[in-house]
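In: Okay, sequence plus prediction incoming.
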2 protein chains.
Amino acid sequence: MKTETELKDFIKNGSRMYVPGLTIDCVIFGYHDRQLKVMLGGYKGLGGFGLPGGYVKRTELLSIAAERTVKEKTSLDNLYLEQFYAFGDSPFRTTKVNIHPSIANTWLAERTFSIGYYALVEFSKVSPEPDFLLDSLEWFDVATLPTLLFDHNDVVSKALEHLRINLYHKPIGYNLLEKKFTLPEIHSLYETILDKKLDRRNFPKKLLSLGLIKDTNEVRKIGQHRSPRLYTFDKKNYQTALKEGIVLVI
Amino acid sequence: MKTETELKDFIKNGSRMYVPGLTIDCVIFGYHDRQLKVMLGGYKGLGGFGLPGGYVKRTELLSIAAERTVKEKTSLDNLYLEQFYAFGDSPFRTTKVNIHPSIANTWLAERTFSIGYYALVEFSKVSPEPDFLLDSLEWFDVATLPTLLFDHNDVVSKALEHLRINLYHKPIGYNLLEKKFTLPEIHSLYETILDKKLDRRNFPKKLLSLGLIKDTNEVRKIGQHRSPRLYTFDKKNYQTALKEGIVLVI
DNA sequence: ACAAAAGTGTTGAACTTACACCCATGA
DNA sequence: TCATGGGTGTAAGTTCAACACTTTTGT
């Protein structure tokens, strides 16, 4: 089995290629069925789920390592990726409990700091690719996460918190929604991220008045009710808003 | 000379006590004479100034290490300290140029990531204490920084950027100003941090209407002009605002 | 008396908030 | 025809932005 060999080699020789003691934790957010999702991996042998992550190559820039890690897991290009926090406060990081026997006394058993990056991706475009450390990689609802390995619940919380603050300063959505989307979709996306009800009539006024979205003249036929109109982001205004920042009051 | 021995021991044996490859960079902000200041150290032998920093002890939590580092440099307690970014993208971090001969081939010559924390401190209360790596530690105007060692100019910029965004969500000032301060003082503090003119009449209205500051009935006699009134922060409202966040539109 | 900086209030414009009924669709 | 969810406008209240003259103080 290829990955078996790969894993053994990584445990034995990984520290030649990678910086020891430092990982990147990726919080990959997607949006589907009116739910904010996060991608979690089933870690081999550890009997639990955690954030996908990766090590930084010895001569690799940090942001490049983060990009590479997310790309490997999602098979996506053109990522929206943001560093949000560095972790080294969890007690598990300073005490050697719960070290799996297969890595005891290897470089992987040393205290590890991690740098958190979150990615916003288009759910439907992602093909999850578990790496040799994972035996699965799947989407979970952010609202109903199980208890995760390590301090990964804290990491997800912090990512959400940053995403929330970000939402007030930058437009969000281009990377999470399909090219064309309905008002109810983006409305409930914002509600989900902010965890607060937003007025159904006032919300689109705001986005329209900022020029962030515009009406296509199409509709999407779904279900036994009126067909919602489709909107797209106004690429130019969106980019400007991303660069210069906005103050969103909603 | 004590520090000489200390330095040699640190170079030789430091990696037993400290995590190698990871430092904390401290951006210590103060405010004096209507100028935002940052504390910089003159690094021994490197012929330049840089941010004071420190290593993390092997079993020490990251945030504790940051606190310890700033405390050592400023002799202050009760710090306002915030982690803002992790650095590992600068090319100097991946290539071994500019390694000082005295640390060549030691643990200090390895690639180092750093985690940036900024502190807000009361200028007049600080007694700068250079450690054994520094031969000076002084305040510099943020507006006119020289070229710093490593990527520290980037680190300061990023800290400022975060401080600026923070200002819109949390009250700032309690840690930078003296207990009693004048409106012109806090006004110009905000102008300096945001790098933008704020209306002299509207600005205090905002802080007063949020209940963040209150009038003492004292004045401060300075110079040959009308004496400005003294204000203090309303501790209770300030704390609430810190915890719950505000949306400041100024 | 003069220079320098501090104090103070109002008004029009813009934005935010709250709110309820009709419409289109598929079963 | 009915159930479901989508679409739409207005008025009242609040907040923001712009603006200039008077006061105090020390020299």
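Out: Received, thanks. Numbering: from 1, shown residues only, chains lettered A, B, ... in the order given.
In: Contacts only, for residue A:190.
Out: With C-beta atoms under 8 Å, 6 or more residues apart in numbering or on different chains as the criterion, the residues that contact residue A:190 are A:167, A:172, A:173, A:198, A:203, A:250. Glycine gets a C-beta too; all of them are placed from N, C-alpha and C.
In: which residues touch the second one?
Out: Spelled out, that is residue A:172. A:120, A:163, A:166, A:189, A:190, A:193.
In: now, among the contacts of residue A:190, which is nearest to residue B:58?
Out: Ranked by distance to residue B:58 (C-beta to C-beta), the contacts of residue A:190 are led by residue A:167 at 38.3 Å.
In: Name the helix or strand for the residue nearest to residue A:200 when sequence neighbours are not counted, please.
Out: The shortest distance from residue A:200 to any non-neighbouring residue, by C-beta to C-beta, 6 or more residues apart in numbering or on different chains, is to residue A:187 (6.6 Å). Assigned by DSSP states H and E, residue A:187 belongs to helix A:183-194.
In: For the next helix-or-strand element following that helix, name the packing helices and strands.
Out: Where DSSP H and E defines the elements, the next helix or strand beyond helix A:183-194 is helix A:202-209. Packing partners of helix A:202-209 (3 or more C-beta pairs under 8 Å, 6 or more residues apart in numbering or on different chains; DSSP states H and E): helix A:183-194, strand A:213-219.
In: now with 10 Å?
Out: helix A:183-194, strand A:213-219, strand A:229-233 (3 or more C-beta pairs under 10 Å, 6 or more residues apart in numbering or on different chains; DSSP states H and E).
In: which residues in chain A form strands?
Out: A:18-32, A:35-43, A:48-50, A:53-57, A:80-87, A:113-120, A:134-141, A:181-182, A:213-219, A:229-233 (DSSP state E).
In: if you compare these, which one is most tucked away?
Out: Comparing those by mean neighbour count (mean count of other C-beta atoms under 10 Å in any protein chain shown), strand A:113-120 ranks first with a mean of 24.
In: is chain B contacted by it?
Out: Yes. Interface with chain B: strand A:113-120 contributes A:113, A:114, A:115, A:116, A:117 (C-beta under 10 Å from any C-beta of the partner chain).
In: Name the nearest of the residues you listed relative to residue A:55.
Out: residue A:114 (10.1 Å).
In: Surely the closest one is in contact with residue A:84?
Out: No. Using C-beta atoms under 10 Å as the test, residue A:114 is too far from residue A:84 to be in contact (11.5 Å).
In: which residues does the residue nearest the centre of chain A bridge with?
Out: In chain A, the residue lying closest to the centroid (C-alpha atoms, centre = their mean) is residue A:28, at 1.7 Å. Residue A:28 has these beta-bridge partners by DSSP bridges: residue A:119.
In: next one: the one 4 residues further on
Out: Note on residue A:32: beta-bridge partners residue A:35, judged by DSSP bridges.
In: For it, give me its contacts.
Out: By C-beta atoms under 10 Å, 6 or more residues apart in numbering or on different chains, the contact list for residue A:32 reads A:122, A:123, A:124, A:126, A:139, A:141, A:176.
In: thinking again about what came up before, check contacts around the residue nearest to residue A:200.
Out: Residue A:187 sits next to A:34, A:181, A:198, A:199, A:200, A:203, A:204, A:207 when contact means C-beta under 10 Å, 6+ apart.
In: What is the neighbour count of the last one?
Out: For residue A:207, the number of neighbouring residues by other C-beta atoms under 10 Å in any protein chain shown comes to 22.
In: The spatially closest residue to it that is not a sequence neighbour and DNA strand D, how far apart?
Out: Nearest non-adjacent residue to residue A:207, counting by C-beta to C-beta, 6+ apart: residue A:213, 4.8 Å away. In this structure, residue A:213 and DNA strand D are 12 Å apart, going by C-beta to the nearest atom of the strand, to the nearest Å.
In: how about residue A:213, what does it touch?
Out: A:171, A:173-174, A:181, A:183, A:186, A:204, A:206-207, A:231-234, A:237-238.
In: Sweet, I'm off.
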